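# Structure for this input, please:
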Amino acid sequence: MLIGLVGMGPQVNVHRIRSGSIAAWVFRIGGALMMIGLLLSLSSGLDRALVIVSLIMGTACVVSCSVIVHHEWIQAGHMGQPDFQLHFSPLMLVLTVGTMLIGAVLIIGLAAGWMSSTLQWLIAIEMIVGFALLLGTQFSAERRRAAFSVSQSFSLQAYILGVIVMVLGLILLVKPVL
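Down below sits the predicted model:
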């Protein structure tokens, strides 16, 4: 999953994001395998390392979504559309930076093994802030001027896959050990 996400980096950097590329498919297949592993953990024994890795991967997906959505908008701008002026939308700027900062704290906390209810709330907040960013992007006045739709974007795919993996990991994290 991470290999595919990192493989998308060069495409994002030059604003030539292709959702049908090999890197995008590696990302999707990796995400599907991660979900299968988590679903198997629901019925079998709890593998704590898999849960931590899934939460870190899901957080990385949600954080990358906040970066990719802006680049996808610029890509639409290269096709003769108006550029997305993030700095003209304070709320969108706060949501973008908030997604990144909360994600960084989460990844550090998960890697350090800080398992607490605060961390679980941060996981939920990260998912909500990421969703608000995508929703705000879709309904913003800026987006209406451009031929860009979040519903057809790779950033939405990254967000959905990240949230599914985070929710499954969170379920396993709070699941009582029998």
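# Only C-alpha atoms from now on, for both contacts and neighbour counts.
OK.
# Distance from the host helix or strand of Gly4 to the middle of the chain?
Assigned by DSSP states H and E, Gly4 belongs to helix 2-7. Offset of helix 2-7 from its chain centre (Cα atoms, centre = their mean, to the nearest Å): 12 Å.
# Number the residues from 29 up from this point.
All set: I'll call the first residue 29, so the last point we hit is now helix 30-35.
# Pick out the least confidently modelled helix or strand of this structure, by mean pLDDT.
When the helices and strands of the chain are compared on mean pLDDT, DSSP states H and E, helix 169-173 comes out lowest with a mean of 60.
# and after that helix, which helix or strand comes next?
Next along from helix 169-173, by DSSP H and E: helix 182-202.
# Could you list the alpha-carbon positions for that following helix in PDB?
Provided in PDB are the C-alpha atoms of helix 182-202 (Å, rounded to 0.1, in the frame of the first residue of the first chain):
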ATOM      1  CA  PHE A 182      -7.400   9.700  -6.700                       C
ATOM      2  CA  SER A 183      -7.400  11.700  -3.400                       C
ATOM      3  CA  LEU A 184     -10.900  10.400  -2.600                       C
ATOM      4  CA  GLN A 185      -9.700   6.800  -3.300                       C
ATOM      5  CA  ALA A 186      -6.700   7.400  -0.900                       C
ATOM      6  CA  TYR A 187      -9.100   8.800   1.700                       C
ATOM      7  CA  ILE A 188     -11.600   6.000   1.500                       C
ATOM      8  CA  LEU A 189      -9.000   3.300   1.700                       C
ATOM      9  CA  GLY A 190      -7.200   5.100   4.600                       C
ATOM     10  CA  VAL A 191     -10.500   5.400   6.500                       C
ATOM     11  CA  ILE A 192     -11.500   1.800   6.000                       C
ATOM     12  CA  VAL A 193      -8.100   0.600   7.200                       C
ATOM     13  CA  MET A 194      -8.200   3.000  10.200                       C
ATOM     14  CA  VAL A 195     -11.700   2.000  11.200                       C
ATOM     15  CA  LEU A 196     -10.800  -1.700  11.100                       C
ATOM     16  CA  GLY A 197      -7.600  -1.000  13.000                       C
ATOM     17  CA  LEU A 198      -9.500   1.000  15.600                       C
ATOM     18  CA  ILE A 199     -12.000  -1.800  16.000                       C
ATOM     19  CA  LEU A 200      -9.200  -4.200  16.600                       C
ATOM     20  CA  LEU A 201      -7.500  -1.800  19.000                       C
ATOM     21  CA  VAL A 202     -10.500  -1.500  21.300                       C
END
